[in-house]
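> this one's sequence-less:
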Ligand SMILES: [Fe+2]
């Protein structure tokens, strides 16, 4: 005998909830938030010049505006720079498309906190804060270096807490990011990139590929 569950047969008090809840849930099912112009997967990277910072983010819809608004910490974000976008088509069967935006801040003061947000038009990220690097031989950078993080590990919260406390100057993730990023038509990559965003949006997140990260 087969059993089918209609809405009226759901157990518990669900049947007593108003129909608008079903409609709302259906909306998110058919129109997932990933089809969005909202910036996500935000990350910082060093360029080799300590007066610069590269900021990268992803949208799932094309946008005509790739802007970072910024200023020294605590000041209004009335400085801005424009970036570029690259359309990325995943190699999986669904050929999922996303848009990778990059903008480079230049002329930054060394050892200075900056606030920024990225996006454009009506779709902006939260405001994040990073610190520029120092230079010179009297400075020892504080680097967190690790590999093999994955998406279900125990370490992420500790790393996030330390990053928020300003205890790292740079992250070095030496490969094997998410086991594997291309899994499930690269949805694992999206999950991973959003999981590390609280770290990567604050501290330059430098990487090299591992054996799980082949294209
Ligand atoms: Fe590994």
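Alright, I've got the coordinates. This structure is a prediction, so every number in the text was calculated from the model and none was measured.
> does whichever residue of the chain sits closest to the ion count as helix, strand or coil?
Nearest residue of the chain to the ion: residue 176, at 3.6 Å (C-beta to the ion). The C-beta positions use only the backbone N, C-alpha and C, and glycine is treated the same way. Under DSSP: H, G, I helix; E, B strand; the rest coil, the three-state class of residue 176 is coil.
> Who are the contact partners of it?
When contacts are counted by C-beta atoms under 8 Å, 6 or more residues apart in numbering, residue 176 touches 147, 148, 149, 150, 210, 211, 212, 213.
> now do residue 164
Contact analysis of residue 164 by C-beta under 8 Å, 6+ apart lists 198, 202.
> Can you tell me how far the closest residue to residue 92 other than its chain neighbours is from residue 153?
Spatial nearest neighbour of residue 92, excluding adjacent residues (C-beta to C-beta, 6 or more residues apart in numbering): residue 185 at 3.8 Å. If you measure residue 185 against residue 153 using C-beta to C-beta, to the nearest Å, the figure is 22 Å.
> Burial check on residue 114, number of neighbours?
Using other C-beta atoms under 10 Å, residue 114 has 22 other residues around it.
> any idea how far the residue nearest to residue 92 lies from residue 43?
Using C-beta to C-beta, one gets 21 Å for the distance from residue 185 to residue 43.
> any low-confidence regions in this structure?
Counting by pLDDT under 70, the chain contains low-confidence ranges at 1-35, 215.
> got the contact list for the residue nearest the centre of the chain?
For the chain, residue 41 is the residue whose C-alpha lies nearest the centre (C-alpha atoms, centre = their mean; 1.8 Å). Counting by C-beta under 8 Å, 6+ apart, residue 41 touches 56, 57, 58, 190, 193, 194, 197.
> correct me, but residue 93 touches residue 184?
No - judged on C-beta atoms under 8 Å, residue 93 makes no contact with residue 184 at a distance of 10.6 Å.
> So for these two, which residue has more residues nearby?
Per other C-beta under 10 Å, whichever of residue 93 and residue 184 has more neighbours is residue 184, with 13 against 7.
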